[in-house]
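Visitor: no sequence for this one, just the structure:
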C-alpha cells in the first residue's frame, strides 16, 4: 500500500481527497498512517465495529452508507479474500468512486487458511484483471509482491500478495 501511496497519490499531496478503506479494522495492523496528509480525509469501513472503523456497512454488497461518486480513492488490503462474492463488492467500489478516482486492492495469492469469518479466495494478477474488467475499471498496474519486496518491509512472503491499482473511467 505504501508503494501505491508513493507512486499514485504523490501528485495529490496538496489536493483534498476522500479515501475509503474497506476492511479497515485493525486486526493485524492498519494502513491509516499512510494517509495522514492534512488535506486527506480517511474513512475506515468494515462489517463490524472495532479499532480503526469509522463506518460499519450493513451489507458488503450494498453500501447505503455512501453515495455514488463520493470517494476520490478506495483502498482495501487483505480483505477481499474474506468476501464471498467479490464481484458484487467490486461493483460497490466502482459505484462510490468519483469518475477518474483511483484505487488499490491487495489480496493474497498464497498462504494458509485464515478464516475471519470466512476465507474464500487467493487471487492472482489475472483474477484482479478479470474483476476490473467485470466492473469496467481501468487497470493501471497489477503485480504480485516478491520475496525482495517482502524482506524490505521485514516480512516473510508467505502470502505473495497480489496488488491491483485501478481507475474509474471518466464516464
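Guide: Right, received. Where do you want to start? These numbers were taken from a predicted model, which means no experiment stands behind them.
Visitor: CA atoms for contacts and neighbours, from now on please.
Guide: Noted.
Visitor: all strands of this structure, in order?
Guide: Using DSSP state E, the strands assigned to the chain run over residues 17-22, 40-46, 55-56, 71-77, 97-108, 138-144, 161-167.
Visitor: ok, residue 40 - contacts?
Guide: 15-19 (C-alpha atoms under 8 Å, 6 or more residues apart in numbering).
Visitor: Neighbour-wise, which one of those leads?
Guide: Neighbour count (other C-alpha atoms under 10 Å) singles out residue 19 as the most crowded of the contacts of residue 40, with 22 neighbours.
Visitor: That one is in contact with residue 41, isn't it?
Guide: Yes. Using C-alpha atoms under 8 Å, residue 19 makes contact with residue 41 at a distance of 5.9 Å.
Visitor: Just the pLDDT at the closest residue to residue 43 other than its chain neighbours, thanks.
Guide: Among residues not flanking residue 43 along the chain, residue 20 sits closest, at 4.9 Å (C-alpha to C-alpha, 6 or more residues apart in numbering). Looking at residue 20, its pLDDT is 98.
Visitor: now do the one 3 residues further on
Guide: Listed pLDDT for residue 23 reads 96.
Visitor: Quick one: neighbours of it, just the number.
Guide: By the criterion of other C-alpha under 10 Å, residue 23 has 24 neighbours.
Visitor: cool, residue 50 as well?
Guide: Residue 50: 16 surrounding residues under other C-alpha under 10 Å.
Visitor: I figured it hits residue 23, correct?
Guide: No. Counting by C-alpha under 8 Å, residue 50 stays clear of residue 23, with 10.7 Å between them.
Visitor: which residues touch the residue nearest to residue 43?
Guide: By C-alpha under 8 Å, 6+ apart, residue 20 lies in contact with 42-45, 71, 73-75.
Visitor: For it, name its beta-bridge partners.
Guide: residue 43, residue 74 (DSSP bridges).
Visitor: quick one: the residue most central in space within the chain and residue 14, what's the gap?
Guide: In the chain, the centroid-proximal residue (C-alpha atoms, centre = their mean) is residue 76; its distance is 1.9 Å. According to C-alpha to C-alpha, to the nearest Å, residue 76 stands 23 Å off from residue 14.
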